[in-house]
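**Student:** what follows is a predicted structure for the sequence shown.
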Amino acid sequence: MITIQVNDKTQTFLENLTVYQLIGQLNIQTNGIAVAVNNDVISKPNWETRELVDQDNILIIKSTQGG
């Protein structure tokens, strides 16, 4: 079991997961988002291989359009 912080909220999962799996579990659309793990931006091609571990701090930012 791992416990991670996602946008300052504690989340617990039964097993390790990748960034891509986390996004899926949280039902977040993948278009227009950026993900950082422990203050390191993870490029989209690496989401499927970047495994999260206990106590990781994840920041998910959604881009918005405005005017």
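**Tutor:** Perfect, I can see it now. Numbers count the residues shown, from 1 in each chain.
**Student:** mind listing the strands for the protein?
**Tutor:** Under the criterion DSSP state E, strands of the chain are mapped to 2-6, 9-13, 33-37, 40-42, 57-62.
**Student:** export these as TSV, with columns for mean pLDDT and distance to Glu51.
**Tutor:** Backbone N, C-alpha and C define where each C-beta goes, glycine included. Formatted as TSV, these follow (pLDDT from 0 to 100; distance: least, Cβ to Cβ, whole Å):
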stretch	mean pLDDT	distance to Glu51
strand 2-6	98	10
strand 9-13	96	12
strand 33-37	97	10
strand 40-42	98	11
strand 57-62	96	12
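**Student:** want to throw those strands into TSV with distance to Gly24 and mean neighbour count?
**Tutor:** Formatted as TSV, the strands of the chain follow (distance: least, Cβ to Cβ, whole Å; neighbours: other Cβ atoms under 10 Å):
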stretch	distance to Gly24	mean neighbour count
strand 2-6	13	16
strand 9-13	12	11
strand 33-37	12	16
strand 40-42	15	12
strand 57-62	12	14
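**Student:** can you redo the ones you listed as a markdown table with distance to Glu48?
**Tutor:** Output for these, formatted as a markdown table (distance: least, Cβ to Cβ, whole Å):
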| stretch | distance to Glu48 |
| --- | --- |
| strand 2-6 | 17 |
| strand 9-13 | 17 |
| strand 33-37 | 12 |
| strand 40-42 | 10 |
| strand 57-62 | 15 |
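**Student:** quick one: which of those is nearest Gln25?
**Tutor:** strand 9-13 (7.4 Å; Cβ to Cβ).
**Student:** what comes into contact with the closest one?
**Tutor:** Strand 9-13 has contacts (Cβ atoms under 8 Å, 6 or more residues apart in numbering) with Met1, Ile2, Thr3, Ile4, Gln5, Gln25.
**Student:** note down every partner strand of it and its orientation.
**Tutor:** Strand 9-13 sits in its sheet next to strand 2-6 (antiparallel), going by DSSP bridges.
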